[in-house]
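**Q** give me coordinates for this.
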Amino acid sequence: MSNMPVAGRDDKDAGRRLGAMLALGFASGLPLALTSGTLQAWLTVEGIDVRTIGLFALVGLPYTFKFLWSPVMDRYNLPWLSRRRDWMLLTQAGLVAVIALMAFWTPARGVTAVASLAVLVALLSASQDVVYDAYRADALRPAERGLGTGLSVSGYRIAMLVSGALALVLAAEFGWRDTYLLMAALMLFGAGATLWAPAVGQVAQPPRDLVAAVIEPFAQFLRRERAPALLGLIVLYKLGDACAGSLTTTFLIRELGFTIAEVGVINKGAGLAATLIGALAGGVLMTRLKLYRALLLFGILQAVTNLGFFTLTLIGKSYAGMTAVVVLENLAGGMGTSAFVALLMALCDRRYSATQYALLSALAALGRVLVGAPSGYAVAAWGWGAFFLLTVLLALPALGLLRMLRRVVSIAEAR
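**A** Modelled structure (predicted):
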């Protein structure tokens, strides 16, 4: 009898934890387009020089280097909320204020000021990502990681659609000021979700000082069994999928002759819907498959669906063919992303989850950037068919490493 109330509280908290993943995933994804694609459109409409617009790509640097200040969030707690939620609320409050300020400081008034505000938004957004990723790793139970990740990815993707495509439609109708004010108001939804989300408590003793918070996350990970192989898996798991995706739009327009509108509707619209379904389906399937088998199955699907693009090089322009390939590839990609994020969470020590997750995700992103850069040269040298076959081959080393790491992955999942 004494255990029944506790079980009831656990069940209630499970629902809140999973609901928080969707809401906080939305808050995490919302600011990104406001300092990239949507801001680029605003600068273009205002007649800003294209060379200046190009320099705005540097605004995104905080997302790459967020691991540099993540130890601060591991080491220190703020006084007003529980661990992780304190920093989330602070960054979200800052985002509300700075995005609202961007609404009133148009590019015509001063590009330098707009750039400074955009950098501040990116800095706050990257910091929110650091602490949200840590909260997700700390809060979700092993059995919840799959579905929790699927909900998180779905919330993130929906937010990117809202602050990207929908924001452009709203700007055309109501103007940029009102659009950015609306986006700032939507960030209040994220702050509300942070207040509603359950506390994770002090699950582990934080690092004793800031020096330890910088050094110990590296040392602890490298002491793990087969640490180099785990790092290799993190770099390689999404590599083939990312390589194929790096030039998909160019392939569909330039090689197959689809219009920009057709690619937008099918590749972006249907592709986004398929990614959302894939992320959720992957999360649900992971509750049955467990982490290792999910990673293996979804990794195979990511590789196999890349063969669809190779098939398109043989059959040429086909609306049915493009739709089928785009939907299947994004379904598999969404599933793979859910499993991969669950893997990163499982590998994090709760004492250093902010720093370790930031480092591991940066390592994965670095691999995708490095393989994406020479993709155009590969197409020029070997042609599209050989390129897409290469993306299938790039997926195989990760599957081999995964088989080798089966026991290590299973142990990490159970922690």
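**Q** if I look at the residue nearest to Met160 when sequence neighbours are not counted, what pLDDT would I see?
**A** Among residues not flanking Met160 along the chain, Gly29 sits closest, at 4.9 Å (C-beta to C-beta, 6 or more residues apart in numbering). All C-beta spots, glycine's among them, are computed from the backbone N, C-alpha and C. pLDDT recorded at Gly29 is 95.
**Q** verify the stated contact: Gly29 with Ala159.
**A** Yes. Counting by C-beta atoms under 8 Å, Gly29 touches Ala159, with 3.3 Å between them.
**Q** the residue nearest to Met160 sits in which helix or strand?
**A** helix 3-34 (DSSP states H and E).
**Q** after that helix, which helix or strand is next?
**A** Note on helix 3-34: by DSSP H and E, the next helix or strand toward the C-terminus is helix 37-45.
**Q** any buried residues in that following helix, and which?
**A** Under the neighbour-count criterion of 16 or more other C-beta atoms under 10 Å, helix 37-45 has 37-43 buried.
**Q** next one: stretch 392-403
**A** Within stretch 392-403, the residues that count as buried by 16+ other C-beta under 10 Å are 392, 394-395, 397-399, 401-402.
**Q** export these to a markdown table and tack on pLDDT and distance to Met286?
**A** Listed next are these as a markdown table, based on pLDDT from 0 to 100; distance: C-beta to C-beta, whole Å:
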| residue | pLDDT | distance to Met286 |
| --- | --- | --- |
| Val392 | 94 | 24 |
| Leu394 | 92 | 24 |
| Ala395 | 91 | 19 |
| Pro397 | 95 | 23 |
| Ala398 | 95 | 17 |
| Leu399 | 96 | 17 |
| Leu401 | 96 | 19 |
| Leu402 | 96 | 15 |
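**Q** which among those gets closest to Ala324?
**A** Ala324 lies nearest to Val392 out of the buried residues of stretch 392-403, by C-beta to C-beta, at 17.4 Å.
**Q** just checking, what's the longest helix in the protein?
**A** The longest helix of the chain (DSSP state H) is helix 271-315.
**Q** run the angle between the helix or strand following it and helix 271-315 for me.
**A** Using DSSP H and E, the helix or strand that follows helix 271-315 in sequence is helix 319-347. Angle, helix 319-347 to helix 271-315, by axes from the mean of the first three to the mean of the last three C-alpha atoms, to 10 degrees: 130 degrees.
**Q** for whichever helix or strand comes after helix 319-347, packing partners?
**A** Beyond helix 319-347 in the direction of the C-terminus, DSSP H and E gives the next helix or strand as helix 353-372. With contacts defined as 3 or more C-beta pairs under 8 Å, 6 or more residues apart in numbering; DSSP states H and E, the packing partners of helix 353-372 are helix 70-75, helix 111-139, helix 210-222, helix 227-236, helix 239-245, helix 319-347.
**Q** switch to 10 Å and redo it
**A** Identification of packing neighbours for helix 353-372 by 3 or more C-beta pairs under 10 Å, 6 or more residues apart in numbering; DSSP states H and E yields helix 61-64, helix 70-75, helix 111-139, helix 210-222, helix 227-236, helix 239-245, helix 319-347, helix 384-404.
**Q** report the buried residues of that helix.
**A** Using 16+ other C-beta under 10 Å as the test for burial, helix 353-372 gives 353-362, 364, 367-368, 371.
**Q** OK, contacts around the closest residue to Gly94 other than its chain neighbours?
**A** Nearest residue to Gly94 in three dimensions, chain neighbours excluded: Leu124, at 4.6 Å (C-beta to C-beta, 6+ apart). Counting by C-beta atoms under 10 Å, 6 or more residues apart in numbering, Leu124 touches 31, 62, 90-99, 187.
**Q** for Leu124, report the pLDDT, please.
**A** pLDDT at Leu124 comes out at 97.
**Q** make residue 1 into 44 and carry on from there
**A** Right, with 44 as the first residue, what we last looked at is Leu167.
**Q** quick check: it vs Ala438, distance?
**A** Relative to Ala438, Leu167 is positioned 35 Å away (C-beta to C-beta, to the nearest Å).
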